[in-house]
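Peer 1: Here is a sequence together with a model predicted from it:
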Amino acid sequence: MTEENINIAKDTVVTFHYTLKDAAGTELENSRGSNASKSITGGEPVLYLHGYKGMMAGIEAGLESKSAGETASVTLGPDDAYGRYDEKSKGRVPLKNVKLPGQQTIKGKLKPGTVVEVQTKQGPREATVIKQGLKSVDIDTNHPYVEMTLTFNMEVVAVRAATDDEKQHGHAHAASSSCCDTNTKNNCCD
Ligand SMILES: [Zn+2]
């Protein structure tokens with residue numbers, strides 16, 4: 001692949017590192033994993049296709065027209081980030097439908113605030129434990145960052161033109177794998 005020095009625009013694939021801080025300046029996430037517990041990307045930068053609503057709009061706006069090596073910082077209020085607290089996102093589910101992430105077995109009672117995975121009709125969902133009963137668990141599926149004003153500090157690692165496949169699919173493909181091998185159906189992302 002040729003190295004190009006291009007600016008971020010629609011139909012470019014962007015790789016960037018970021019830190020995420022709350023309004024008090026406390027670091028919540030760091031893509032480099034310098035604080036491993038806070039890296040949800042395993043130390044890898046984030047990869048996305050610009051201009052297809054695959055990324056939070058405020059982040060795309062902040063990165064628009066930047067090139068590799070440049071930085072951008074955006075502060076987004078709850079309405080532009082993870083939204084408002086929704087009372088309807090609280091509910092009671094059977095204990096058997098709840099598990100801890102990473103196959104850990106539940107020992108003893110779940111503490112309030114524990115993040116669990118709940119099996120739903122729409123597939124597994126993350127939720128926070130409010131209270132565990134005998135056979136059920138009261139959970140909250142609001143995103144942990146609702147109601148929060150968040151600052152994203154981003155550092156553009158690479159920008160390249162999207163492939164035809166990526167534009168058709170509306171998302172980026174990791175450089176090492178072409179998304180869908182039509183013969184074997186490996187790595188298929190529809
Ligand atoms: Zn794809």
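Peer 2: Thanks, I have it.

Peer 1: tell me which element the residue nearest to residue 21 when sequence neighbours are not counted is part of?
Peer 2: Computed as Cβ to Cβ, 6 or more residues apart in numbering, the closest residue to residue 21 that is not its neighbour in sequence is residue 151, at 4.7 Å. Where C-beta positions appear, they are placed from N, C-alpha and C, glycine not excepted. Here residue 151 sits within strand 150-161, counting by DSSP states H and E.

Peer 1: same check, this time on residue 48
Peer 2: The secondary structure element spanning residue 48 is strand 46-49 (assigned by DSSP H and E).

Peer 1: So which residues of the chain form helices?
Peer 2: Shown for the chain, the helices assigned by DSSP state H span residues 57-63, 164-169.

Peer 1: centre of the chain versus the strand holding residue 151, how much separation?
Peer 2: Going by Cα atoms, centre = their mean, to the nearest Å, the spacing between the C-alpha centre of strand 150-161 and its chain's C-alpha centre is 14 Å.

Peer 1: And that strand, what does it pack against?
Peer 2: Here strand 150-161 touches strand 12-21, helix 57-63, strand 71-76, going by 3 or more Cβ pairs under 8 Å, 6 or more residues apart in numbering; DSSP states H and E.
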